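1. With the sequence up front, the predicted model follows.
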Amino acid sequence: MRKEAPPQLPTAPTVADTPPGGVVDAHVERMNVAVMSILGKRVKGAKGEDLGRVVDVLADASGRVRIAVIDFGGFLGVGNHRIAVDWPLLRFNPDDNDPSLLLSLSPEKLRTAPEYKDNPRPQTLMEVTPPVPTAAAAPADVKK
Amino acid sequence: MPDPADIGVSAELTAARASRGLDWFNLFVANIQTGFGPFIAVYLSSQSWTQTSIGLALSIGTVSSMASQVPSGALVDLMPNKTRVAAFSVLTFTMSALMFAIHPIPLFVYLAEILHGVSSCTLSPAIAAMSLVIAGRFGMGLRLGRNASFAAVGNGVGAALMGACGQYVSERAVFFLTAVLTLPALFTLLPLRRVAVAAGELRPAHRAPGEKRLHYWRVLADRRLLIFCACAMLFTFANAPLLMLISGTLTAKGSNPSLLIAACIVLPQIIVAVASPSVGRYAERYGRRVILMVGFTMLPLRCLLYTQTQNPILLVAVQLLDGVAGACFGIMVPLIVSDVAGRSGHFNLSLGAVGFGIGIGATVSTPVAGWLADHWGTRTAFFALMAVGVLAVLIVLFLMPETRPDKNSADDDRSGSAQCRTTTTTSPSRRVTVAATPPP
């Protein structure tokens, strides 16, 4: 399951310089790419298996989304397990009729990952092999 | 005050039918309550609710049920027809289930949580009061055994049904199913509508204005009730977080965590269903304290066993002990309260007080246990909960008096508790306790 051309955000989303008044001028325009809602979306594995659901999305100081909190397991809401997954591990298909998220991880990896705790630097499930240098590597500060 | 003869006259057949109706009512109510459990969090997540709003919704539910425990107990005491209270509570469940299912916007979800929280607090006292009316004070152990047994079947079947529904149909469908299940529950109340009109002894005796508040406090200040409240609170405190604590191990070590956790929920219910009738009988024969001791001892035992193994199959097997504890505790709560307050006219108020204690225990313990597990490890959390469980056992052993009423001296006047002197008339089919006027 190699990454195919990671959806890159080469830099943090550029924030318009705040004008002196503190108010940014805005206008309405149609979004130029398809987008999808993330919160509450089911996450599917490589074989289409159910890997849980995104219940939270965490961003860093620059505003870039870094972590998806995935909730899975449990029965009728009892004993659910929550883990933090590095954002680049997720694949998106907003153009589909039934948009879903793909996560190329084995269910075993998810099950044995430590429970997500609400803290600024949570234990996070990340890819083992460092990203291929050519494919615009993640910023140096990612790895712990 | 209705003539007790009215009740005595009611034919054997009607009584049997009412009794069966109550059996099934317990089953369906347990069914319904499964849908309102922690599954709400799963459902709201699927509706793109944020964790903060879900937390708020669940807290609203907890707070409204905690706040209404004691007042709704007192309210049910004042209602002459407990069947009507039960029916009204179930209809409120229908409404809140539909609010969840049809339009889960914050306003409706919060409102549904409040409605459900409050009507749960009127329903369980209403069930206990109908049981007391149908079975009489001396048949209460057997009756509550049956209640618990049918409720356990309802819980187990409900969990399986709704789990499957959530998995294979949709999360939303679970709430439609919950709403549909309220209909048979209402139907089972039909044979109860005439029988379960409270006899005079269950209603608060008439009091002069101004005397009221003092009287409530005196009922709630009964030593036995307070001791039992403390035990119940400690037991729930130690019991509530256990499943959460083992679920981490089950998820990591088992190949199918959802199935294992389902087994942890359903298996004890099978034990409760099978054991409850005997537990009710034993409570009448050997007294309440023994049963309470047996039930409470299971808890520290479970904690100890959980620290000894990581094997998912063994962990699930240990849950069987939870079934034993569940059967004992589930029956002892209404039974001991009926012993203590069954004749005071404040049965439901007292039941509400115990429910409040249980609610506090359950609400406080999960974060505490979670914190302990995070900072000191799961083993330490188990040992801490074990200590609390042992404390509950010790309180029963050294402080809790036996509350079983003495059949031979039914008008016994136990210290401070019996607010009304009562006499007992015995009819062939069942015994009816009749309140005499309270001493001035």
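-> Structure received.
2. ok, residue B:396 to chain A distance?
-> Distance check for residue B:396 against chain A: by C-beta to the nearest C-beta, to the nearest Å, it reads 28 Å. C-beta here means a position set from N, CA and C on the backbone, and glycine is covered the same way.
3. Then that residue would be within a helix, right?
-> Yes - Residue B:396 forms part of a helix when assessed by DSSP: H, G, I helix; E, B strand; the rest coil.
4. pLDDT-wise, which helix or strand of chain A ranks last?
-> When the helices and strands of chain A are scored by mean pLDDT, DSSP states H and E, helix A:107-112 comes last with a mean of 84.
5. For the one residue in chain B that gets nearest to chain A, which non-adjacent residue is closest in space?
-> With C-beta to the nearest C-beta as the measure, the residue in chain B that lies nearest chain A is residue B:247; the distance is 2.9 Å. Closest residue in space to residue B:247, ignoring its immediate chain neighbours: residue A:79 at 2.9 Å, by C-beta to C-beta, 6 or more residues apart in numbering or on different chains.
6. quick one: pLDDT of the one you found?
-> The predicted structure scores residue A:79 at 86 on the pLDDT scale.
7. count of neighbours near it?
-> In terms of burial, residue A:79 registers 24 neighbours under the definition other C-beta atoms under 10 Å in any protein chain shown.
8. For it, what are phi and psi?
-> Reported as degrees, to the nearest 10, the phi and psi values for residue A:79 are phi 70, psi 30.
9. My understanding was that it contacts residue B:241; is that so?
-> No - contact status for residue A:79 versus residue B:241: not in contact, 11.2 Å apart, counting by C-beta atoms under 8 Å.
10. Where does the prediction get shaky in chain A?
-> Of all residues in chain A, those with pLDDT under 70 make up the ranges A:1-20, A:130-144.
11. So which residue is smack in the middle of it?
-> The central residue of chain A, meaning the one whose C-alpha is nearest the mean C-alpha position (C-alpha atoms, centre = their mean), is residue A:87 at 3.0 Å.
12. Point me to the residue of chain A nearest chain B.
-> Minimum separation of chain A from chain B (C-beta to the nearest C-beta) falls at residue A:79, amounting to 2.9 Å.
13. Residue B:277 versus that residue, what's the distance?
-> The gap separating residue A:79 from residue B:277 is 30 Å, by C-beta to C-beta, to the nearest Å.
14. Next: residue B:160.
-> When residue B:160 is compared with residue B:277 (using C-beta to C-beta), they lie 22 Å apart.
15. What segments of the stretch 251-400 of chain B are helices?
-> In the stretch 251-400 of chain B, the segments counted as helices under DSSP state H, counting those that start in this stretch are B:257-286, B:288-308, B:312-341, B:347-376, B:378-398.
16. Apologies, that question was intended for the stretch 51-200 of chain B.
-> Counting by DSSP H, counting those that start in this stretch, the helices of the stretch 51-200 of chain B are B:51-78, B:82-102, B:106-135, B:140-168, B:171-188, B:192-195.
17. Go through the ones you listed and name the closest to residue B:272.
-> In terms of C-beta to C-beta, the element of these nearest to residue B:272 is helix B:140-168, at 3.6 Å.
18. which helices and strands does the closest one pack with?
-> Judged by 3 or more C-beta pairs under 8 Å, 6 or more residues apart in numbering or on different chains; DSSP states H and E, helix B:140-168 is in contact with helix B:12-35, helix B:39-46, helix B:106-135, helix B:171-188, helix B:257-286, helix B:312-341.
19. list the buried ones in the fourth one?
-> This means helix B:171-188. If you call a residue buried by 16 or more other C-beta atoms under 10 Å in any protein chain shown, then helix B:171-188 has these buried ones: B:171-172, B:174-179, B:181-182, B:185-186, B:188.
20. The fifth one now?
-> By neighbour count, and taking 16+ other C-beta under 10 Å as the criterion, the buried residues in helix B:257-286 are B:257-269, B:271-273, B:275-277, B:279-280, B:282-284.
21. With the last one instead?
-> Buried positions in helix B:312-341, judged by neighbour count with 16+ other C-beta under 10 Å: B:312, B:315-316, B:318-319, B:321-341.
22. can you pull the contacts of the residue lying closest to residue B:29 once chain neighbours are set aside?
-> Counting by C-beta to C-beta, 6+ apart, residue B:29 lies nearest to residue B:185, which is 5.9 Å off, once chain neighbours are set aside. By C-beta atoms under 8 Å, 6 or more residues apart in numbering or on different chains, the contact list for residue B:185 reads B:25, B:28-29, B:31-32, B:90.
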